[in-house]
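*Asks:* Fold the following.
(chains A, B and C)
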Amino acid sequence: MEGVDKEKVQRIIYEMSKGSKYFENEKRKEAFIKQKIESLRAQRAKLTEKDISHFQMIVNKRILELDGSRDLSKIWLHTDMDAFYAAVETLENPLLKGKPLAVGGMSMICTASYEARKYGVRAAMPGFIARKLCPELIFVPTNFGKYTYYSEKTRNVFSKYDPDYIATSLDEAYLEITEICKQRSISSEEVAAELRNTIYQETGLTCSVGVAPNRMLAKFEFQLVEIGYTDLIALYWNIPVCSDINKPNGQFILPNDRDAVMTFISSLPIRKVGGIGKVTEQILREVLGISTCTEILQKGALLHALFSHCSTGWYFRY
DNA sequence: GCGGATCAC
DNA sequence: AATGGTGATCCGC
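*Replies:* Model (predicted):
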């Protein structure tokens, strides 16, 4: 987010955390990860040229397989309400409009309004630190009844576009809009714009939308058990990523086209990929120097050598 | 298998 | 003073 003095934010978080039980525990975990990284580095150093070219062959084959099985025939849409809990609170109390707002309490906040984010205030940040970052921050306690109520309203809209929409939380859902586009012969872009508009009409809330091709997501949960998960998760993650691109109140369309998908992926930081979190990111970066998805492809052999077959397939899943 | 880590929301 | 609760998946034993 632009306009955030990251260094200052980091410093304040550090000052406030220092010496606490939480902080000590974090340090302990850090040390543990460092150790893991060291051990992986040692393994990496032992690999011979021959090992690497062997693994490269396996990996190349695998990439070709996955590339060939990419399904570009469907259109998936992911919606994500903008600062949902904060937006609902503001809707019900217009005095909060335009103010830095946190939903939650002194020990933890779950949503920050965009005004609050300018100060570095984030979801999952303890409230007392947030207040230090932004002294005029307004706190509103959570009220899940309200959020559920508005969530229902958005879901009513979703069901008009895809009766089998998949809700992943109160404020996020996946919709398959292939049929709708065909039936009404309109573009996915138009569907996205219309959907956002309808949601705004019905609720007064804005959302961000990402559209991308996908495969097998609907069956994803079933087949997971039967076939093993590596091949299945394929291509699903770029959808939530897409809804992240133009936030808030925006949309991003990734066309159903192999080159477009590859280009989009190439510059993508691995951290954006679903399933790669803080720890995995650190390990991949510090052991193999990987930070973008392209580099995952380039260093495939090393990945295969150092990590279990399962995770390797998983890292290649686009 | 099971417990602990990791991840997402 | 104070750092979530839940559910799912995966790894290493």
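
*Asks:* quick one: what helix or strand has the nearest residue to A:Phe55 once chain neighbours are set aside in it?
*Replies:* Leaving aside its sequence neighbours, A:Phe55 sits nearest to A:Ala301 (CB to CB, 6 or more residues apart in numbering; 4.0 Å). Heads up, the C-betas are built off the backbone N, CA and C, glycines and all. Secondary structure from DSSP states H and E places A:Ala301 in helix A:300-306.

*Asks:* Show residues contacting that helix.
*Replies:* A:40, A:43-44, A:47, A:51-53, A:55-56, A:58-60, A:63, A:287-288, A:290, A:296, A:311-312, A:315-316 (CB atoms under 8 Å, 6 or more residues apart in numbering).

*Asks:* Kindly provide the distance from the residue nearest to A:Phe55 to DNA strand B.
*Replies:* Using CB to the nearest atom of the strand, to the nearest Å, we find A:Ala301 at a distance of 22 Å from DNA strand B.

*Asks:* Over to A:Phe32?
*Replies:* The spacing between A:Phe32 and DNA strand B, counted by CB to the nearest atom of the strand, is 7 Å.

*Asks:* hmm, the host helix or strand of that residue in reach of DNA strand C?
*Replies:* In this assignment (DSSP H and E), A:Phe32 forms part of helix A:21-46. Yes. Shown here: helix A:21-46 in contact with DNA strand C (CB under 7 Å from any atom of the strand) through A:Lys21, A:Tyr22, A:Phe23.

*Asks:* pLDDT and neighbour count for these - can I get that in a markdown table?
*Replies:* Rendered in a markdown table, the data for the residues of helix A:21-46 next to DNA strand C read as follows (pLDDT from 0 to 100; neighbours: other CB atoms under 10 Å):
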| residue | pLDDT | neighbour count |
| --- | --- | --- |
| A:Lys21 | 93 | 7 |
| A:Tyr22 | 94 | 10 |
| A:Phe23 | 95 | 13 |
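
*Asks:* Turn these into CSV, including distance to DNA strand B.
*Replies:* Compiled in CSV, these are given as follows (distance: CB to the nearest atom of the strand, whole Å):
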residue, distance to DNA strand B
A:Lys21, 16
A:Tyr22, 14
A:Phe23, 16
